[in-house]
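**Q** Sequence and predicted model, in that order:
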Amino acid sequence: MDNSTKKLVALSFDDGPDSVLTAKVLDKLEKYGVTASFFLIGHLITDETKPILDRMAKLGVEFNNHAWAWDSLDKKTPQEIKKSVADTSKAIQKYTGKAPSFFRAPNLDVSETLYKSVDLPFICGVVAYDWEACKTNAEQRAKNVLDGVKDGAIVLLHDVQPEPHPTPEALDTIIPELLKQNYEFVTVGELFRRKGVTPKLHECKMWTYV
């Protein structure tokens, strides 16, 4: 099967980095030999988390922007939005040597002001509802993802959430099942490239499928 006809899927993870929790996700990526994209929280990118960022870089993951903190930006001023995103991009560049190419809005809360203020394409994804720590187990999280995946899908998961957080366990179902269905795992950036799609800046759109 040539690359133009393969089914593609991009795993993505929010709210890290965290030295312990992110490592559990990386263990699964290593186990199955697949890649992913991570949407990072700016204030967590520090000397303390540099070792986990180095491990992520060695695995070839993609680093993207999830704003400086977890609070929603949709009602913030343009100046506040720009600072949050710019400070996060600077931290990513400083600690990984890579500039982010995509943005995911905290809590998926968006507004026209937010779209106009961020100079990166907005990414959503097929959600596992894995932020509902007490309501979704690993099996339910995997089912939520697998029910929504099709060729060109971006999957939205979290490497960091309060314990118990069985998303790494869910990956033991998600990844083998999609491999069995002949999916190739790519980063978000590679997904757009392979699909021949160039997202427009300041477009009022969050991408789930490419």
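**A** Right, received. Where do you want to start?
**Q** now the helices for this structure?
**A** With DSSP state H as the definition, the chain shows helices at residue ranges 21-32, 50-58, 78-96, 112-117, 138-148, 167-180, 188-195.
**Q** wait, which of the ones you listed is closest to V126?
**A** Closest approach to V126 among the helices of the chain is made by helix 138-148 (3.7 Å; Cβ to Cβ). Just so you know, the C-beta spots here come from the backbone N, C-alpha and C atoms, and that holds for glycine as well.
**Q** I'd like the average pLDDT over the closest one.
**A** Helix 138-148 shows a mean pLDDT of 98.
**Q** again with stretch 65-72
**A** Across stretch 65-72, pLDDT averages out at 97.
**Q** want to throw the helices of the chain into a markdown table with distance to A69 and mean neighbour count?
**A** What follows is those, written out as a markdown table (distance: least, Cβ to Cβ, whole Å; neighbours: other Cβ atoms under 10 Å):
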| stretch | distance to A69 | mean neighbour count |
| --- | --- | --- |
| helix 21-32 | 17 | 18 |
| helix 50-58 | 18 | 17 |
| helix 78-96 | 7 | 17 |
| helix 112-117 | 15 | 17 |
| helix 138-148 | 25 | 18 |
| helix 167-180 | 21 | 19 |
| helix 188-195 | 22 | 19 |
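**Q** Now those in a markdown table, please, with extra columns for distance to P106.
**A** A markdown table is the format used below for the helices of the chain (distance: least, Cβ to Cβ, whole Å):
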| stretch | distance to P106 |
| --- | --- |
| helix 21-32 | 18 |
| helix 50-58 | 20 |
| helix 78-96 | 9 |
| helix 112-117 | 10 |
| helix 138-148 | 20 |
| helix 167-180 | 18 |
| helix 188-195 | 17 |
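**Q** for those helices, which one sits closest to I123?
**A** Ranking the helices of the chain by distance to I123, with Cβ to Cβ as the measure, places helix 188-195 first at 6.0 Å.
**Q** Export that closest one to PDB, keeping only CA atoms.
**A** Once non-C-alpha atoms are left out, helix 188-195 reads as follows in PDB (Å, rounded to 0.1, in the frame of the first residue of the first chain):
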ATOM      1  CA  VAL A 188      -0.700  16.600  13.300                       C
ATOM      2  CA  GLY A 189       1.700  18.400  11.000                       C
ATOM      3  CA  GLU A 190       2.400  15.300   9.000                       C
ATOM      4  CA  LEU A 191      -1.300  14.600   8.700                       C
ATOM      5  CA  PHE A 192      -1.900  17.900   7.000                       C
ATOM      6  CA  ARG A 193       1.100  17.400   4.700                       C
ATOM      7  CA  ARG A 194       0.200  13.900   3.700                       C
ATOM      8  CA  LYS A 195      -3.400  15.000   3.000                       C
END
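**Q** chain center to it: distance?
**A** Centroid separation for helix 188-195 versus its chain: 14 Å, with Cα atoms, centre = their mean, to the nearest Å.
**Q** quick one: which of the helices of the chain is nearest V9?
**A** Here helix 167-180 is closest among those (Cβ to Cβ), at 5.9 Å.
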